[in-house]
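Chemist: My questions concern the predicted model and sequence given below.
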Amino acid sequence: MKIAKLKKIDIRQLWQGEASDFTPWLAKEENIKQLSEVIQIDLEVIEQEKNVGPFRADILCKNTIGNNYVLIENQLEKTDHTHLGQIMTYAAGLDAVTVIWIAKKFTEEHRATIDWLNRITDEQFNFFGIEIEAFQIGDSLPAPFFKVVSKPNDWSRSIKDTVSKQNLTSTKKLNLEYWTAMKKYFEEHDSFLKHQKPQPQHWTNFALGKSNFYLAAASSVRDNFLRAEFLINTDTSKEDFRKLRDKYETLSYEQISESLIWDELPENRVSWVYLKKEANVEDKTDWNNQHQWFMETLEKFDKFFRPKIKQL
């Protein structure tokens, strides 16, 4: 068997300039998706070269689950204090809760700064330090690679939350345990769904690739049911709902379930499509079956609705 050698190449061979080459490349859907997979946050590009006072932030995105702003700052050289200052200025000006600093090389002091920011802030805020590299095998096309050098430490942050979680009601504790077990089930079964961090509430959300459109799983301890949901929370949610319903309602019964419910909710901002199932949420011996139903149903929702909302 012949084995080729992996060769690292200078990223300046791929992109001559940050603003002229790298930023437009990263903002393309297939490339921002690659970054999304690395940091496990579903990103949607909102704007390039976003004005923040007298400065310009490279890329402004949204986290499609939480609908929060994500700031990306690019640097095709070694990190420096100027860019660090710009990042903090942009984050404050844009009210961004996630900051991604991409550079050719992180100095030890700047990596330590990102670690420190993650340590002193609560779980609402996230800071990532990422080195951009490129590799080639033989005469193959060069392949970019995102190397995470600093990221939020969910474990240490969960320790900070221990005191507050001790004050949860029994139902909220059960909800947190339920979603934590479901997230683990999805990971063990290699689901492609992007699960948000479990919270002590009766629902949990999933990214769908476009802000203000998302999937959700809901469970009721009191009323003994599970519900898989597709939600539209746009400024034109009723119009978007009707477009989807008029064109795809019949097909959805064939590809998802005949029991699917399309509900415009005329008095609310949100419109939704959902599927409901009876279940005893308190019966932990049945959780695997419940989580399997959620996984299979939500995966059908994702495959059906994801390409259709992109056409709206």
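Modeler: Cool, the structure landed. Numbering: from 1, shown residues only.
Chemist: Helices along the stretch 201-312 of the chain, start to end?
Modeler: Using DSSP state H, counting those that start in this stretch, the helices of the stretch 201-312 of the chain run over 237-255, 287-309.
Chemist: Give me the contact list for the first one.
Modeler: Residues from elsewhere that reach helix 237-255 (CB atoms under 8 Å, 6 or more residues apart in numbering): 212, 232, 234, 260, 262, 264, 266, 269-271, 273, 300, 304-305, 308-309, 312. Yep, even glycine has a C-beta here, placed from its N, CA and C like the rest.
Chemist: just stretch 261-269 next, same as before
Modeler: Stretch 261-269 is touched from outside by 233, 237-238, 241-242, 245, 249, 252, 271-276, with contacts defined as CB under 8 Å, 6+ apart.
Chemist: and of those residues, the nearest to residue 130?
Modeler: Nearest to residue 130 among these is residue 233, at 29.7 Å by CB to CB.
Chemist: List the buried residues of stretch 55-74.
Modeler: Residues of stretch 55-74 classed as buried: 57-66, 68-74 (neighbour count, 16 or more other CB atoms under 10 Å).
Chemist: Show the average pLDDT along that stretch.
Modeler: Average pLDDT, stretch 55-74: 87.
Chemist: Can you get me the start-to-end distance on that stretch?
Modeler: With CA to CA, to the nearest Å as the measure, stretch 55-74 spans 14 Å from end to end.
Chemist: okay, the helices of the stretch 201-312 of the chain in a markdown table with mean neighbour count, distance to residue 118 and mean pLDDT next?
Modeler: Below are those laid out as a markdown table (neighbours: other CB atoms under 10 Å; distance: least, CB to CB, whole Å; pLDDT from 0 to 100):
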| stretch | mean neighbour count | distance to residue 118 | mean pLDDT |
| --- | --- | --- | --- |
| helix 237-255 | 15 | 35 | 97 |
| helix 287-309 | 18 | 30 | 97 |
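Chemist: The longest strand seen in the chain packs against which elements?
Modeler: Using DSSP state E, we find that the single longest strand of the chain is strand 126-137. Applying 3 or more CB pairs under 8 Å, 6 or more residues apart in numbering; DSSP states H and E, we find strand 126-137 packed against strand 6-8, helix 29-39, strand 98-105, helix 108-120, strand 143-150.
Chemist: That strand: which residues count as buried?
Modeler: Neighbour-count burial for strand 126-137 flags 126-134, 136 (criterion: 16+ other CB under 10 Å).
Chemist: ok, how many other residues are close to the nearest residue to residue 280 once chain neighbours are set aside?
Modeler: The shortest distance from residue 280 to any non-neighbouring residue, by CB to CB, 6 or more residues apart in numbering, is to residue 224 (5.5 Å). Using other CB atoms under 10 Å, residue 224 is surrounded by 14 other residues.
Chemist: Also residue 171?
Modeler: 16.
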